[in-house]
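# for reference, the sequence and a predicted model appear below.
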Amino acid sequence: MMRRHAMLIGSLILAAGTAMAEIVVPDPEWEPRPVDTTISASFDDWLASFRQRARNEGISAETLAVLGDIRPLESVIERDRTQFEFSRPVWVYLETAVSDARIDNGRRALERHAGLFDRIEAQYGVDRHIIAAIWGLESAYGAVRGDTDTLSALATLAADGRRGAFFETQLIAALRILENGDTTAERLRGSWAGAMGHTQFMPTSFEALAVDFDGDGRRDIWEDAPDDALASAANFLRNAGWKSGQPWGFEITLPDGFDYMQADRRILRDEQAWAAMGVARADGAAMPDHGRASVLLPAGAGGAAFLVYDNFAALERYNTADAYVIAVGHLADRLRGGGPITSDWPYGDRALTFEERRELQRLLSAAGFDTLGVDGLIGPNTVNAIRAYQQARGLIPDGYAPASLLDRLRAGE
Ligand SMILES: [Ca+2]
């Protein structure tokens, strides 16, 4: 959705398609800078042709006048080009995403806005702790909503071309937002990649799913009051298929001898069937009865395991990164009074860089385990190739690829 649905975390959807933590979180120290003249020249060419396309989309001359004030932002391009370069392991991401401070601040926010959360839960059927967790991750409960001029950021990314069509669509949507009077160009601010407001909606997500919850006639996710933004996030999740009363998932323990080929999002069983295989809740409680679920190992067999439900998939619509969705779910659990994740993580492993993931794909394919492409993204085909390699070498087939696996491939093992 939002690219990150807003980029829900500053960059949510930007992280789409990656199996390992590939999360970009907002950096409060970061400031956009105008670009040098080389980039400006091509930007001006793009802008001239964009004006025509925007007119063809029905944007009025009055609204188009705001394009006179936009500037290409060099730092936005830098960010876009480096965002996938480094990734952090899921446990490192969770330390920041579900820190004690974020839990404390979230509990205070829930108290302060208890009446608002009552009304949102009643209308949308989405648990308040989930909405609060998204709010906490996207903007630190409204404290870090982003101060980059959204029109300039989107125009910079549209003109740069790497995903130009996507960002041009977002820019047109942003202009329509202005046309409709929900906010003004001066207040249209957010992350470096165009995600806006308390819950970091991209413009197209805003258009489709934002709501005027406080009834003042404008859908305003930028103002200090979070009413419209939080209700919009609830509306987004309801639209994504959120099932009221169903958890996102919970931590589990796996029995000795567990068949790790069963840890696959495509393999769904009800809880009792998993229990019959020796899967148990990590907190010792009895298995609930919420429907079919799958086993997720975000850091392979050496890390925590989770049983995840359809609501996990609903959260993925906000941001597809496993680490993000687990962080939202776990933060929500902590805000509700639950305890920390109990399993250890493979602390000795580090996540692969983008170039290393490409190298891994080349080496796997050369060794006869075809990844069906070399794109640097650990998707289903690459996971299948990793599992096949692990099985052939007598390793646990968890489909997880830390640096130690790349080292084995480099050594020709
Ligand atoms: Ca409103």
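Done, it's in. Residues are numbered from 1 along each chain as shown.

# can we go C-alpha only for contacts and neighbour counts from here?
Will do.

# quick one: residue 158 from residue 294, how far?
Plainly put, residue 158 is 38 Å away from residue 294 if you go by C-alpha to C-alpha, to the nearest Å.

# now do residue 345
With C-alpha to C-alpha as the criterion, residue 345 and residue 294 are 20 Å apart.

# what helix or strand is residue 102 located in?
Secondary structure assignment for residue 102, by DSSP states H and E: helix 100-112.

# state the next helix or strand along the chain beyond that helix.
Tracing the chain C-terminally past helix 100-112 and defining elements by DSSP H and E, one meets helix 114-124 next.

# could you dump that following helix to CSV, C-alpha only?
Written as CSV, here are the backbone C-alpha positions of helix 114-124 (Å, rounded to 0.1, in the frame of the first residue of the first chain):
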residue,chain,number,x,y,z
ALA,A,114,-8.7,5.8,25.2
GLY,A,115,-12.0,7.3,24.0
LEU,A,116,-10.8,7.5,20.5
PHE,A,117,-9.6,3.9,20.5
ASP,A,118,-13.0,2.9,21.9
ARG,A,119,-14.7,4.4,19.0
ILE,A,120,-12.3,3.1,16.4
GLU,A,121,-12.6,-0.5,17.8
ALA,A,122,-16.3,-0.2,17.7
GLN,A,123,-16.5,1.0,14.2
TYR,A,124,-13.8,-1.0,12.5
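
# elements contacting it?
The criterion is 3 or more C-alpha pairs under 8 Å, 6 or more residues apart in numbering; DSSP states H and E, and the helices and strands that helix 114-124 contacts are helix 128-139, helix 227-239.

# report the buried residues of it.
116, 117, 120, 121, 124 (16 or more other C-alpha atoms under 10 Å).

# go ahead and confirm the fourth one touches residue 131.
To tie it back to what came earlier, the one meant is residue 121. No: using C-alpha atoms under 8 Å, residue 121 is not in contact with residue 131; the gap is 9.3 Å.

# list phi and psi for the closest residue to residue 314 other than its chain neighbours.
The shortest distance from residue 314 to any residue other than its chain neighbours is 5.1 Å, reached at residue 240 (C-alpha to C-alpha, 6 or more residues apart in numbering). The main-chain torsion angles of residue 240 are listed as degrees, to the nearest 10 and equal phi -80, psi 0.

# for residue 240, give me its contacts.
Neighbour list for residue 240: 314, 315, 317 [criterion: C-alpha atoms under 8 Å, 6 or more residues apart in numbering].

# surely the second one meets residue 325?
In this case it means residue 315. Yes: between residue 315 and residue 325 a contact is recorded at 6.0 Å, counting by C-alpha under 8 Å.

# ok, these two, which is more surrounded?
For residue 315 and residue 325, the more surrounded residue by other C-alpha atoms under 10 Å is residue 315, and the numbers stand at 25 against 22.

# where does residue 293 land in three-state SS?
strand (DSSP: H, G, I helix; E, B strand; the rest coil).

# so how far is residue 252 from the closest residue to it other than its chain neighbours?
For residue 293, ignoring the flanking residues on the chain, the nearest one in space by C-alpha to C-alpha, 6+ apart is residue 309 at 4.6 Å. When distances are taken as C-alpha to C-alpha, residue 309 and residue 252 turn out to be 13 Å apart.

# same deal with residue 372?
In this structure, residue 372 and residue 252 are separated by 32 Å, where distance is defined by C-alpha to C-alpha.

# who's more crowded, those two?
When residue 372 and residue 252 are compared on other C-alpha under 10 Å, the one with more neighbours turns out to be residue 252, at 23 against 13.

# gap between residue 205 and the ion?
Using C-alpha to the ion, to the nearest Å, one gets 16 Å for the distance from residue 205 to the ion.

# strands of this protein, residue ranges please.
Counting by DSSP state E, the chain has these strands, from start to end: 148-149, 189-190, 249-253, 269-270, 280-281, 292-296, 305-308.

# near the ion, which residues of this structure are found?
Taking C-alpha under 5 Å from the ion as the criterion, the chain approaches the ion at residues 212, 214, 216, 218, 219.

# what subset of these is buried?
Listed as buried from the residues of the chain next to the ion are 212, 218, 219; burial here means 16+ other C-alpha under 10 Å.

# leaving out chain neighbours, which residue sits closest to the last one?
Nearest in space to residue 219, with sequence neighbours left out and distances taken as C-alpha to C-alpha, 6+ apart, is residue 212 at 4.4 Å.

# any idea which residue of the stretch 1-150 of the chain lies closest to the ion?
Closest residue of the stretch 1-150 of the chain to the ion, C-alpha to the ion: residue 116 (13.2 Å).

# so that residue makes contact with residue 227?
Yes: under the criterion of C-alpha under 8 Å, residue 116 makes contact with residue 227 at 6.9 Å.

# show me what residue of the stretch 51-200 of the chain gets nearest to the ion.
In the stretch 51-200 of the chain, the residue that lies nearest the ion is residue 182 (8.3 Å; C-alpha to the ion).

# how about residue 292, what does it touch?
Counting by C-alpha under 8 Å, 6+ apart, residue 292 touches 268, 269, 270, 271, 309, 310.

# now with 6 Å?
With contacts taken as C-alpha atoms under 6 Å, 6 or more residues apart in numbering, residue 292 has the following neighbours: 268, 269, 270.

# looking at those, state which has the most neighbours.
Neighbour counts for the contacts of residue 292 peak at residue 268, which has 19 neighbours (criterion: other C-alpha under 10 Å).

# including pLDDT, could the buried residues of helix 114-124 go into TSV?
Converted to TSV, the buried residues of helix 114-124 look like this (pLDDT from 0 to 100):
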residue	pLDDT
116	98
117	98
120	98
121	98
124	98
